[in-house]
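Trainee: heads up, no residue letters with this:
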Ligand SMILES: O=C(O)CCC(=O)C(=O)O
Ligand SMILES: [Fe+2]
């Protein structure tokens, strides 16, 4: 199961709040396009149709308003309400059984991390390619060389010992899906042929490694540094990438993406 995530903060709008009836995040469904007038949800693009489960982790509670609500498919009839608390998690199926939204934040700033889980195996490979792209995009010549040489391990919870391979493979199931939308698109394109057909995993891997092979050669200084880099615990690649992503996606997001036009799934 792959995890896709997005962090979001919504601040109170300035001005008179008492009259504010609008939602901080309109009622939507996470994996289909809600047409509330028809009480239907269309599981087709631009929705993130691959999402199977959703979870929201609340990061603070020093704000007013911002209740999380579940509704009927009409998008109006509220069936349940969750008051965000720091550390509280709400989890639910990502489908049409769970239209939901966020009521207006009337004071302060409300922050949460949205997590989506997919059972779609194509995302395993897609996320790996995205991660490699991200490493390539942000890497310095030194760790570029590192990512080239160790491209297989660079974005995995790499085993310290070969016999730990199986354990690592199991751990990969839990790897973070860094689903930056721009990169998601790029990776999707990498996985699809020009005609939109999906390539095989092997083909995708070939593409990824040939891409890695196009990287510039390391300078002698970089090679020297590589010796040091070799001693770095490869797990370090994960926090480093997270940091990079954080920097790269410093956009304030008032609403998380229920479809690809509101792109902010990481
Ligand atoms: O912030 C929340 O409580 C819900 C966010 C949400 O539904 C989403 O990001 O899809
Ligand atoms: Fe949602």
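Mentor: Nice, I can see it. Please read these numbers as outputs of a predicted model, since none were measured by experiment. Numbering: from 1, shown residues only. Ligands and ions are numbered 1, 2, ... in the order given.
Trainee: ok, longest helix in the chain?
Mentor: helix 122-138 (DSSP state H).
Trainee: buried residues in it?
Mentor: For helix 122-138, a neighbour-count test (16 or more other Cβ atoms under 10 Å) marks 122-136, 138 as buried. Yep, even glycine has a C-beta here, placed from its N, CA and C like the rest.
Trainee: The closest residue to ligand 1 within the stretch 101-250 of the chain and residue 30, how far apart?
Mentor: Going by Cβ to the nearest ligand atom, ligand 1 is nearest to residue 114 of the stretch 101-250 of the chain, at 3.7 Å. Distance of residue 114 to residue 30, computed by Cβ to Cβ, to the nearest Å: 8 Å.
Trainee: confidence score at the residue of the stretch 101-250 of the chain closest to ligand 1?
Mentor: We note a pLDDT of 95 for residue 114 in this prediction.
Trainee: Contact partners for it?
Mentor: The neighbours of residue 114, taking Cβ atoms under 8 Å, 6 or more residues apart in numbering as the test, are 5-8, 54-57, 256, 265.
Trainee: What sits closest to residue 25 if chain neighbours are left out?
Mentor: residue 102 (3.8 Å; Cβ to Cβ, 6 or more residues apart in numbering).
Trainee: The one you found reaches residue 66, doesn't it?
Mentor: Yes - between residue 102 and residue 66 a contact is recorded at 5.9 Å, counting by Cβ atoms under 8 Å.
Trainee: between these two, what contacts are shared?
Mentor: Shared contacts of residue 102 and residue 66 (Cβ under 8 Å, 6+ apart): 10, 24, 110.
Trainee: quick one, phi/psi of the first one?
Mentor: Just to be clear, that refers to residue 10. phi -130, psi 130 (degrees, to the nearest 10).
Trainee: related to what we said a few turns ago, with respect to ligand 1, which of the contacts of residue 114 is nearest?
Mentor: Looking across the contacts of residue 114 and measuring by Cβ to the nearest ligand atom, the closest to ligand 1 is residue 256, at 2.3 Å.
Trainee: which bits of the stretch 51-200 of the chain sit near ligand 1?
Mentor: 56, 68, 100, 102, 112, 114 (Cβ under 6 Å from any ligand atom).
Trainee: of all the residues you listed, which two lie farthest apart?
Mentor: Distances among those were taken as Cβ to Cβ; the most separated pair is 100 and 112, at 12.4 Å.
Trainee: So for stretch 44-61, what gets flagged as buried?
Mentor: Neighbour-count burial for stretch 44-61 [16+ other Cβ under 10 Å]: 47-61.
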